[in-house]
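**Q** sequence first, then the predicted structure:
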There are 2 protein chains.
Amino acid sequence: MTALALPATTPLTQVHPQLRLVQDDFIRKWGEMGQIWGINRTMAEIHALLYISGTPLCMDDVMERLHISRGNSSMSLRSLCEWGIIRRSHRRGERREYFESLSDVWEMFSIIAAERKRREMDPVLETIKNCIKQLDKETIGKLAGDEAVKRTRERLDGMEEFMSVTNKVFQQFVGNAKSGLNKVVKVLLKAL
Amino acid sequence: MTALALPATTPLTQVHPQLRLVQDDFIRKWGEMGQIWGINRTMAEIHALLYISGTPLCMDDVMERLHISRGNSSMSLRSLCEWGIIRRSHRRGERREYFESLSDVWEMFSIIAAERKRREMDPVLETIKNCIKQLDKETIGKLAGDEAVKRTRERLDGMEEFMSVTNKVFQQFVGNAKSGLNKVVKVLLKAL
DNA sequence: CTATACTTTCAGAAGTTACTGAAAGAAAGA
DNA sequence: TCTTTCTTTCAGTAACTTCTGAAAGTATAG
């Protein structure tokens, strides 16, 4: 029969109550904001907890601290790993897995922005380009001179220009970590 | 007994089938993208329809074209008006109301960005500043030198820097229409 | 092989958001 | 005034998302 069972949670979780209050505040707000980035509340809270703790935590730490189920923790942690904004981390001689957040906020933002651009903006731009192509085909035919077609064409052009530029700006942010982004931002702010 | 009833929909809705197909494509995709801007699918589709049509449409036009209920149309149109990205427009001698989209995409983006910044980013930045203040109070007291407090403080600082800069960049985009934004963007792209 | 320690999966429950359609409201004209 | 035309509201419902917890799965140690 076995020796002393390990405590389910890391000692690191047991922070001073005052510190905990401050952290909870941050976690709550960050969770609300998660939706901006297209991440659900729980996932955002888990991420906030790992980020603010600044040290690896295990699944039981997360469950206990945020009062969420094992299943939810497991899914959300996996999904955050897939996003690439947290990482698994292992301790020698220990069986269980730990998770920690990237520490560079700029890098995290880059990763999220890149993914959202790819999934959400690129397809729209493609659709718009396609619409323009389609419309041009019609214009050569019997719809030439049609007022409504003209108006639609103008609107599509306006939208395409907008999306293209936005896409390029995003592109610049993506793949640069802190130093690069800071440069970009400084240039931008100085120019205004 | 009344004279000839007006047709429920504007003649303008009756676009050529080919044009309609192209417009539908755009509307569908724009609806999907709405979620990026924090606008729900139907609202985004209504907006897309008004934008792509380039001409004022009435509620029945919208209902018929998108197959949505009167209630939903009414709520969504109101909400789009509140956002400021579509406007009511009236025709002399006609009772019913028409709606049209802003035509300048850059202006629409500005409006949306301003609102989201105000509602979603500003409160987070405030919370973070508050957390830092709280933490500093504790640090003076009995938690001075606590490792966990130090780590948390570092993380909060990193996040604050990020949010502040992001906020400033947003600020620049807000309140500028096409010309202003284009200048900003050109400067940015050239600098890279 | 069996026991233990831990993780993942997934069906269903709970919670949330979006939509409908009928009824009430408002404005204009007769 | 009453009728007509159009808009808004809102209770109920449908569709979707998130969460739970128990069961199955996996890896390691004895």
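**A** Arrived safely.

**Q** now do the SS call for A:Arg87.
**A** strand (DSSP: H, G, I helix; E, B strand; the rest coil).

**Q** for B:Ile112, see how far away it is.
**A** 34 Å (Cβ to Cβ, to the nearest Å). (Each C-beta comes from the backbone N, C-alpha and C, glycine too.)

**Q** you'd agree A:Val124 is up against B:Arg28?
**A** No. Look at A:Val124 against B:Arg28 with Cβ atoms under 8 Å: they stay out of range, at 10.5 Å.

**Q** neighbour count winner among the two?
**A** A:Val124 (18 against 14; other Cβ atoms under 10 Å in any protein chain shown).

**Q** for the residue of chain A found nearest DNA strand D, which three-state class applies?
**A** Nearest residue of chain A to DNA strand D (Cβ to the nearest atom of the strand) works out as A:Gly71 at 1.8 Å. Using three-state DSSP, the structure places A:Gly71 in helix.

**Q** show me what contacts it?
**A** Residues near A:Gly71 by Cβ atoms under 8 Å, 6 or more residues apart in numbering or on different chains: none.

**Q** DNA strand C versus that one, what's the distance?
**A** Separation of A:Gly71 from DNA strand C (Cβ to the nearest atom of the strand, to the nearest Å) stands at 3 Å.

**Q** any buried residues in stretch A:27-34, and which?
**A** A:27, A:29-34 (16 or more other Cβ atoms under 10 Å in any protein chain shown).

**Q** phi, psi of the residue lying farthest from the centre of chain A?
**A** The outermost residue of chain A relative to its centre, with distances by Cα atoms, centre = their mean, is A:Lys142 at 47.0 Å. Here is the backbone geometry of A:Lys142 (degrees, to the nearest 10): phi -80, psi -10.

**Q** in which helix or strand would I find the most centrally placed residue in chain A?
**A** Residue closest to the average C-alpha location in chain A (Cα atoms, centre = their mean): A:Ile112, at 3.4 Å. Assigned by DSSP states H and E, A:Ile112 falls within helix A:105-116.

**Q** which helices and strands sit right next to that helix?
**A** Helix A:105-116 sits against helix A:70-83, helix A:147-173, helix A:178-190, helix B:147-173, with contacts defined as 3 or more Cβ pairs under 8 Å, 6 or more residues apart in numbering or on different chains; DSSP states H and E.
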